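Participant: No letters, just coordinates:
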């Protein structure tokens, strides 16, 4: 089984910063994309940022210039540096990873999720 463990959420004032981290562990061959999603109360889960194993990044428009996603392939970790936080960034943040596991002659991709970490930005 593969586990994603997140850390780094909390309460911060508007304009402040937080860094989220996520580490993948378990039995797998490799990790393709890793990313962060968020879900605010009564809203759908949305992609915040993603990064491929080659370092190509993708951000939702509202966080460009404020958030930075990074990854350490050797440690199977992904981080999200969040600066200039706004109250509208308040949500539960979830780590996501597309993992390749060997099965029946193929390295099949499977998506895994972390348990979520809460980020609250006060105005």
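Facilitator: Nice, thanks for sending it over. For clarity, every value in this text was computed on a predicted model and none was experimentally measured.
Participant: Could you list the single helix or strand in the chain with the lowest mean pLDDT?
Facilitator: The element with the least model confidence among the helices and strands of the chain, by mean pLDDT, DSSP states H and E, is strand 106-113, at a mean of 92.
Participant: Run through the neighbouring helices and strands of it.
Facilitator: The elements that strand 106-113 packs onto, with contact taken as 3 or more C-beta pairs under 8 Å, 6 or more residues apart in numbering; DSSP states H and E, are strand 2-7, strand 91-103. Any C-beta I mention is one placed from the backbone N, CA and C, and that applies to glycine too.
Participant: Might you calculate how far that strand sits from the centre of the chain?
Facilitator: Taking C-alpha atoms, centre = their mean, to the nearest Å, one finds the center of strand 106-113 at 16 Å from the center of the full chain.
Participant: All the strands of the chain, residue numbers only.
Facilitator: Along the chain, counting by DSSP state E, strands occupy 2-7, 10-13, 18-26, 30-39, 46-51, 57-59, 67-72, 77-82, 91-103, 106-113, 117-122.
Participant: Highest mean neighbour count out of the ones you listed?
Facilitator: Among those, ranked by average contacts under mean count of other C-beta atoms under 10 Å, first place goes to strand 77-82 (a mean of 22).
Participant: Partner strands of that strand, with direction?
Facilitator: Each strand paired with strand 77-82, and its direction, by DSSP bridges: strand 18-26 (antiparallel), strand 67-72 (antiparallel).
Participant: Point me to the residue sitting closest to the centre of the chain.
Facilitator: residue 36 (2.5 Å; C-alpha atoms, centre = their mean).
Participant: Go ahead and confirm that one touches residue 93.
Facilitator: Yes: using C-beta atoms under 8 Å, residue 36 is in contact with residue 93, at 5.8 Å.
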